[in-house]
Every structure is written in C-alpha cells, then in structure tokens.
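**Student:** Have a look; sequence and predicted model below, questions after that.
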Amino acid sequence: MSTPFGLSDAAGLREALDAGATLPADWYSDPAILRLENERIFARSWQYAGGAHLVAEPGDYFASFAGHVPVLCVRDREGTLRAFVNVCRHRGHLVAEGAGNRKSLQCPYHAWTYDLDGTLRTAPRSEREPGFDADGFSLFPAAVDTWGPLVFVNPDPGAGPLAEALGPLPGLLAESGLDLERLHFRERTEWEIASNWKIAIENYLECYHCPVAHPGFSKVIDVDPDAYELRSEGLVSSQFGSLRAGAAGNGANGDIARAQYHLLWPNFTLNIDPGPGNMGVDVTRPLGPERSVGITDWFYYEDVPEETVREMMEFATQVGREDATLVESVQRGLASGMVPHGRLLTSSEHLIQHFQRLVHEALTG
Ligand code: FES
Ligand SMILES: [Fe+2]
C-alpha cells in the first residue's frame, strides 16, 4: 500500500502534517530516505560528540560520530579545541578510535601521520612519489564547540554557531536551578535499538504514552495533560514535569524541583530529573534504516552519593527499557506498509508534529 503523500508532493505532505497526519510509514524503512537524511540532516547539524573532560589537556582526543560521519575531537598543542572528519585522506581508514592523549594522529593502516591541527606531517614513501604535496591532504575540518561539560560537532565547517542552535536551552536549564559548571561525568551507557532513529525521537517527544507504558515514572511525575508542559522553540522541544504531591524519592529535597526533558534537533536529548544535580544526555543515530545506536552520558554534581546516582540511573533506565519495547513494536508496524500514515493528537503530540515538519523541511526544502 503506498502513501498518498511523499517526497514527490512536498506541499501535499506539509498540508497533511499540518492537519495531524504523521510522516509516511515508508520514511521509516526506506534506505533512500536515510541517504537523504544523512546528507541534509546529519551532515549539517550540531550533534553531541562527547564529554569535554575527554579533551581537557593539549593532546587529548576522542573519536565519535555525528550521524553517519566519523568525527575526531582534539585539543591541539596550543590548547585550541578542533574537530575533524575522522577519515584518512589516503584510502579512508578511520584515523583514530577511542580516546586518549597523543602528540600526533597516526592512521593505523599505512601510517600517514597528521599533526594535532589536522595537517599531514608524514606519509611513508611519499618522497618516492613525484608531485606528491602533503599540503593538499589535511584532515577535513568540522565545526566544534562546547556548552558546559558537553562537546558538540557539526560536520559542516561553515555551520552557524552552536549557541544559535541551542537557542532557549541554556536559559531553560538555568531556570531549573541546575549549575552546569558543577556537573561531572560519571558514566556512559551504550545501546542499540531495532528501529528507525525517528521513531525513537518521536517516542521521546510525547508523554501521552506515560500513564499506560511508564507506571513507575507516572507515579513520581505528574503526567496529567494539564500539569505536564510541552513547548517548542526553533530547534529545541521541551517537556516539563513536576513531582506528584507527596511523591517520595530523590526529588523531594534536591536541587532540582521540576523535571526537564529537551530535544535539540535532530537527535540529542538532555534530561534532568527532580533531585540533586543530575543530567543525562543521549544521542541516537541511525545505523541503518531500521536500526539505531545510541549513547547516554550521565553527569552528576560531585557530592551526589554513589547510591543516589544508582537509584536515579535506574529510574531513567527503567523508562528507557519500556520505551525500547514500544519503539521496536512501532517499527514492525510501520514496516508492514499496511498503514500508510498515522494521526497525531496535536494537543498532546505537537512536539512530534514540530519534529516531523523539520524532517519534511530538511528533505524537501
Ligand atoms: S588509509 Fe590511512 S594511511 Fe592508508
Ligand atoms: Fe516513554
């Protein structure tokens, strides 16, 4: 069954989205759509790469991904934070993996060696090659910037500033009472999910499913539609939830009174729960049309006891497990092609509508 709207009728699809229809079901399994998303979304958006603690000192580096693009963040000898496309200019091996500290960046395939500023310093046997000019083979630069303890990368070196993309986010976070400067990295969790990346993000963007699917969460956070607030501005979509009256737990007497859950377009989420200074950040990136991979980095104030950290992580992880089941089920449903598109309840799901308009704009604009 084919969808009545699609790439070939951008205006018709936009009208359908405005009326509450969802994106066509085949946009969640079609490899051609993912190729377009790679080119028009992931190759030109600011994306979370890793914690700033990994590149604190000259020579520090870490490898990461911005969507499908391997990236490398480096603190050079002069102390400047740089990012590169982590692809060797020789034959394409990834130049570095993991994280550490180095004086130069040597590709493990044939030992082309780059300076920390990305210039090619040596290529074995290149002196035997007439006309070989190392100057033409620097690593391709990417845009990089930090916000508090977080490093963001944009594969497009001509990208606008990160602060512009963050928009209202720093202000909203300040209102929560969270002090970014006091946060310390605690731990990383990595996960894989059998779904298109957009299904995972869309699931994140509504709490309509919370009373049904997250009983534990809903006992603590007031998910009533009149209490739970949804807001979008620019590239940021935000949800605010208060503790239920009398709810026990970490939130009762912490620094943070109200939960904040934010999406920064396209695939970065930032989550703070009621309680002592805490922040979990996730990035979800496509591994294929029907497979996604993600990381969660957990940050806490230094004085938050380990036991509290475990409890808070378990609270969030339980929600994540429940979400994974939902999201993988939606993937199976949409991939059947039998229901060409869904219908949003825009009072509770308008953040999804906003997200889908951004996808539509990126792919058809
Ligand atoms: S691919 Fe990197 S040195 Fe050959
Ligand atoms: Fe959920």
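**Tutor:** Cool, got the structure. Numbers count the residues shown, from 1 in each chain. Ligands and ions are numbered 1, 2, ... in the order given.

**Student:** how about low-confidence regions in the protein?
**Tutor:** Counting by pLDDT under 70, the ranges of the chain that qualify are 1-5, 248-253.

**Student:** near ligand 1, which residues of it?
**Tutor:** By the rule CB under 6 Å from any ligand atom, the part of the chain lying against ligand 1 is Cys88, His90, Arg91, Gly92, His93, Cys107, Tyr109, His110, Ala111, Trp112. (Glycine included, C-beta is placed from N, CA and C.)

**Student:** from those residues, which two are the most distant?
**Tutor:** For those, the farthest-apart pair by CB to CB is Gly92 and Ala111; their separation is 14.8 Å.

**Student:** Now do the helix or strand hosting Arg82: which elements does it pack against?
**Tutor:** Arg82 belongs to strand 81-85 when assigned by DSSP states H and E. Counting contacts by 3 or more CB pairs under 8 Å, 6 or more residues apart in numbering; DSSP states H and E, strand 81-85 is packed against strand 69-75, strand 141-147.

**Student:** Partner strands of that strand, with direction?
**Tutor:** strand 69-75 (antiparallel), strand 141-147 (antiparallel) (DSSP bridges).

**Student:** quick check, distance from it to the centre of its chain.
**Tutor:** 18 Å (CA atoms, centre = their mean, to the nearest Å).

**Student:** Mind listing what's buried along the helix or strand following it?
**Tutor:** Remark: after strand 81-85, the chain's next helix or strand is strand 99-101, criterion DSSP H and E. Within strand 99-101, the residues scored as buried using 16 or more other CB atoms under 10 Å are Ala99.

**Student:** likewise stretch 357-365?
**Tutor:** For stretch 357-365, the buried set under the neighbour-count rule, 16+ other CB under 10 Å, comprises Leu358, Val359, His360, Ala362, Leu363, Thr364.

**Student:** Could you save the helices and strands packed on strand 81-85 as TSV and add columns showing mean neighbour count?
**Tutor:** TSV is the format used below for the helices and strands packed on strand 81-85 (neighbours: other CB atoms under 10 Å):
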stretch	mean neighbour count
strand 69-75	24
strand 141-147	19
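
**Student:** now what about stretch 204-220, what contacts it?
**Tutor:** Among residues not part of stretch 204-220, those counted as contacts by CB atoms under 8 Å, 6 or more residues apart in numbering are 203, 221, 223, 228, 230, 237, 239, 241, 243-244, 247, 249, 251, 261, 263, 269, 274, 315, 318-319, 322-323, 326, 345, 348-349, 351-352, 355.

**Student:** So which of these sit within strands?
**Tutor:** Under the assignment DSSP state E, the contacts of stretch 204-220 contribute Leu230, Ser237, Gln239, Gly241, Tyr261, Leu263, Thr269 to strands.
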